[in-house]
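1. What follows is a predicted protein model with its sequence.
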Amino acid sequence: MTDNVNVFGMKANSGRWLFVILGLIINLCLGSVYSYSVFKKPVELYFNKTTALQVVPEIKEFKNDLLGKVFALKKEQAEKLKAEFATLDPAMLMELFKLDKEKDATKAAEYATALKTLTPDQLDKLLSIQKVSSFQSNFPFMGFLAFFSILMFFGGQIMEKLGPRNLAIIGGIIVGAGWFLSSFATSIGMLTLTYGVIAGGGVGLAYGCPIAVAARWFPDKKGLAVGLALAGFGGSALLTAKIADVLIASVGLATTFKYFGIAFLFIIVILSLPLKFPVAGWKPEGYAPAASSVSAADFDVSKMLKTGSFWGLFLCYIIGCLAGLMAIGISSTVGTEVIKIDKAAAASLVGIFAIFNAIGRPIFGTLTDKITPRNAAVLNLVLILVASIMMLQAKEGSQGLYTIAFMGFWLCLGGWLAIAPTATATFFGIRNYARNYGVVFFAYGIGAILGGLISGKAKDIFGSFTFAFYPTAGLAVIGIIIAVLLIKPPKAA
């Protein structure tokens, strides 16, 4: 059926592109989690300062950058500060806080003056608080992505009953509520609940709606349409990272969560209203699928799970998401701590990285259509390997290596979010796509958790995020082998 179908007052072949635009904007809101590296340090500081104020209220007027450096001290550094507190001077703080002797002389003097207002007992209490570690500050991010993937599975089943419009509206309301409630969080555990579980779960419900709509309206250009709709998710940080950085500096962390929550609720709900599937049997004008491109059968979940194609795709998806999401969660922090660029420059680079995440979707979506899912996956994993090796060579001042490597990581994650849904529809059919991709998408959540574990532990144990790139390099090699052997069309069920 191709005749007499209008979309937004236009012929369906033209009007259907507006669904892609709506999906792109909705995903721009849903993908704001990719700005979390801008939130990570402020989250640590916010909760550590809250705890410290309860035992040392005298630090109320201390500048946040001083408190951040105090909270970041390792055990031996804290002991040195306590031992030499009686003779504290700017020169000692320059060494302890690793400040630049020429640029930070005034700052060191201000720090010394502030710290001298404390008694030795107060300093000891300040240094002894139970701090939120780098690993723990990953919990909201890990929780968000985990519940995103879990609810994505149920969302696929619920969409069959409620339709994409109603489910996207419900998801949008939950997303907005999760961000808004995060403004009232008083601990990292509570933030993990509001931001991670609630907002992440809402994204899981809404995320599949514009994807499924694009896939149904574009059987002839699945990879391109899905990739473009998802470009908003990957490109979200281009806008939201900079907005978050400015808001956090001007109105604080809690109010930033509140503003984001209100904005996301209204935007997602309003833009979800037109979402709908084409009528049964509709196909684009002039479209006749080639026999070689049609799946041999429409696999249901149980049949899909029995194929090597599923497990090859699933395992490679985990590896791609692990590397990409790990990098996304620490992008800004690696810039400031490893490469030693300033905070504003790091936030700006996160926005640039987001462009590559966005274009990774249509690029790899098109490649998946053109060169097969297997070859697109192999290419993607080779790029992850190269980016990992580059970061193992990076050090202070290596801004070029850092920028190129993280462009690669963000590009590759965007690529997997086009390769996986397109491969799922191509290999296992469109009839059960929502449920099938819900299962495949569990790989995203697993990758998020493993990536957060690797980066957090690398920082807490070895003192640098650089060590996190050894596992990503090794896993990329394993993924290439798996892709070559297993990512291929399954035999008919």
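-> Looks like it arrived, so ask away. Because the structure is a prediction, the values reported are computed rather than measured. Numbers count the residues shown, from 1 in each chain.

2. And for stretch 455-462, what's in contact with it?
-> Outside stretch 455-462, the residues that touch it by Cβ atoms under 8 Å, 6 or more residues apart in numbering are 133-138, 326, 329-330, 464-468. Backbone N, C-alpha and C define where each C-beta goes, glycine included.

3. That one: which residues count as buried?
-> Buried residues in stretch 455-462, counted by 16 or more other Cβ atoms under 10 Å: 455-459.

4. wait, K82 sits on D124?
-> Yes. Distance between K82 and D124: 6.2 Å, which falls inside the contact criterion (Cβ atoms under 8 Å).

5. Next secondary structure element downstream of the strand or helix carrying L383?
-> Using DSSP states H and E, the secondary-structure element containing L383 is helix 343-393. Secondary structure here is assigned by DSSP H and E; on that basis, the next helix or strand after helix 343-393 toward the C-terminus is helix 399-428.

6. average pLDDT for that next one?
-> Per-residue confidence for helix 399-428 averages out to 93 on the pLDDT scale.

7. same deal with stretch 116-130?
-> Confidence over stretch 116-130 (mean pLDDT, whole number) is 92.

8. Take that stretch, keep the C-alpha atoms, and write them as CSV.
-> Extracted C-alpha coordinates of stretch 116-130, given in CSV (Å, rounded to 0.1, in the frame of the first residue of the first chain):
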residue,chain,number,x,y,z
LYS,A,116,45.0,29.0,58.4
THR,A,117,41.6,30.1,59.8
LEU,A,118,41.1,26.5,60.9
THR,A,119,42.4,24.9,64.0
PRO,A,120,44.4,21.7,63.8
ASP,A,121,41.4,19.8,65.1
GLN,A,122,39.1,21.3,62.5
LEU,A,123,41.6,20.5,59.7
ASP,A,124,41.8,16.9,61.0
LYS,A,125,38.0,16.6,60.9
LEU,A,126,37.9,18.1,57.4
LEU,A,127,40.5,15.6,56.1
SER,A,128,38.8,12.7,57.8
ILE,A,129,35.3,12.9,56.4
GLN,A,130,33.9,10.0,54.4
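
9. outside of it, which residues touch it?
-> The set of residues external to stretch 116-130 that reach it, using Cβ under 8 Å, 6+ apart, is 48, 51-52, 55-56, 58-59, 70, 73, 78, 81-82, 85-86, 88, 115.

10. just how off-centre is that stretch within its chain?
-> Here the centre of mass of C-alpha atoms in stretch 116-130, compared against the chain's by Cα atoms, centre = their mean, to the nearest Å, lies 36 Å away.

11. Stretch 97-111 now?
-> From the chain centre to the centre of stretch 97-111 is a distance of 34 Å (Cα atoms, centre = their mean).

12. Pull up the distance across it, start to finish.
-> Its first and final residues considered, stretch 97-111 spans 10 Å by Cα to Cα, to the nearest Å.

13. Stretch 25-36 too?
-> For stretch 25-36, the first-to-last residue distance is 19 Å (Cα to Cα).

14. mind listing what's buried in that stretch?
-> Under the neighbour-count criterion of 16+ other Cβ under 10 Å, stretch 25-36 has 25-36 buried.

15. Just the buried positions in the helix or strand harbouring S331, please.
-> With secondary structure defined by DSSP H and E, S331 is part of helix 308-337. By neighbour count, and taking 16+ other Cβ under 10 Å as the criterion, the buried residues in helix 308-337 are 309-310, 312-337.

16. Tell me where the stretch 1-150 of the chain has strands.
-> Along the stretch 1-150 of the chain, the stretches classed as strands by DSSP state E, counting those that start in this stretch are 6-7, 10-11.

17. gap between the helix or strand of the chain with the lowest mean pLDDT and the chain center?
-> Of all the helices and strands that make up the chain, strand 6-7 has the lowest average by mean pLDDT, DSSP states H and E, namely a mean of 78. For strand 6-7, the gap between its own C-alpha mean and the chain's C-alpha mean amounts to 35 Å (Cα atoms, centre = their mean).

18. Paired strands for it, with orientation please.
-> Paired neighbours of strand 6-7 in the sheet (DSSP bridges): strand 10-11 (antiparallel).

19. Name the residues that touch the partner strand?
-> Residues outside strand 10-11 that contact it (Cβ under 8 Å, 6+ apart): 5, 285.

20. before we move on, what about stretch 336-348?
-> So stretch 336-348 is in contact with 38, 41, 241-242, 245, 331-333, 335, 349, 394-399, 402, 464-466, going by Cβ under 8 Å, 6+ apart.

21. Pull out the buried members of those residues.
-> Neighbour counting by 16+ other Cβ under 10 Å classes 38, 41, 241-242, 245, 331-333, 335, 349, 394, 398, 402, 465-466 among those as buried.

22. Pull the most distant pair out of those.
-> Maximum pairwise distance in the buried ones among the contacts of stretch 336-348, criterion Cβ to Cβ, is 26.1 Å, between K242 and T466.

23. P274 belongs to a strand?
-> No. When DSSP: H, G, I helix; E, B strand; the rest coil is applied, P274 is found to be coil, with no strand at that position.

24. Let me know whether it touches L22 as I believe.
-> Yes. With contacts counted by Cβ under 8 Å, P274 reaches L22, the gap being 6.4 Å.

25. of those two, who's got more company?
-> Summary of the neighbour comparison: P274 and L22, criterion other Cβ atoms under 10 Å, with L22 having more neighbours (24 against 13).

26. mind checking how far that one is from G171?
-> Using Cβ to Cβ, to the nearest Å, one gets 14 Å for the distance from L22 to G171.

27. neighbours around G176, how many?
-> Other residues close to G176 by other Cβ under 10 Å number 24.

28. name the helices or strands packed onto whatever helix or strand it lives in?
-> Remark: G176 resides in helix 139-182, with elements defined by DSSP H and E. Where contact means 3 or more Cβ pairs under 8 Å, 6 or more residues apart in numbering; DSSP states H and E, helix 139-182 is packed against helix 17-30, helix 36-55, helix 188-191, helix 200-217, helix 253-272, helix 433-440, helix 442-462.

29. which one of those has the most crowded surroundings?
-> With neighbours defined as mean count of other Cβ atoms under 10 Å, those peak in mean count at helix 200-217, which reaches a mean of 28.

30. Could you point out which residue ranges in this protein have low pLDDT?
-> Residue ranges of the chain with pLDDT under 70: 1-4, 289-297, 492-493.

31. Mind splitting it into its structural domains?
-> Each domain of the chain is listed here as a residue range: 30-44+133-279+296-486, 57-117, per automatic domain parsing.

32. re earlier: quick check, nearest of the contacts of stretch 116-130 to L228?
-> Set against L228, the nearest of the contacts of stretch 116-130 by Cβ to Cβ is N48 (41.4 Å).

33. so who does the closest one touch?
-> Taking Cβ under 8 Å, 6+ apart, we find N48 in contact with 67, 71, 129, 131-132.

34. Chain neighbours aside, what residue packs nearest to I267?
-> Using Cβ to Cβ, 6 or more residues apart in numbering and skipping residues adjacent in sequence, the residue nearest I267 is C29, 5.3 Å away.
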